[in-house]
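> sequence unknown, structure follows:
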């Protein structure tokens, strides 16, 4: 009886760990789809941000007006790898 109980507890805890990792991976995918990186300050920016600039047919999002203005003046400076 004790052995059966221990096996059941182990199986349930393993299942809970497996499920939490799966959920974590799914939320990471959702996070990367809904968040971009400001090329100036490297902060995370929601894709719903109104502060956007287009440079060489690529759209960039910004955390604030200051970062957008800096980027607009010299985009090449912030796109160097």
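That came through fine. What you see is a predicted model, and the numbers here were worked out from it, not measured in a lab.
> low-confidence ranges in this protein?
Applying pLDDT under 70 to the chain flags the ranges 1-2, 4-33, 81.
> would you map out the domains in it?
1-35, 38-81 (automatic domain parsing).
> so which residues of the protein form strands?
For the chain, the strands defined by DSSP state E occupy 35-37, 44-46, 52-55, 58-61.
> Serialize those strands to a markdown table and add fields for distance to residue 76 and mean neighbour count.
C-beta here means a position set from N, CA and C on the backbone, and glycine is covered the same way. Output for the strands of the chain, formatted as a markdown table (distance: least, C-beta to C-beta, whole Å; neighbours: other C-beta atoms under 10 Å):
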| stretch | distance to residue 76 | mean neighbour count |
| --- | --- | --- |
| strand 35-37 | 17 | 15 |
| strand 44-46 | 20 | 14 |
| strand 52-55 | 9 | 13 |
| strand 58-61 | 12 | 16 |
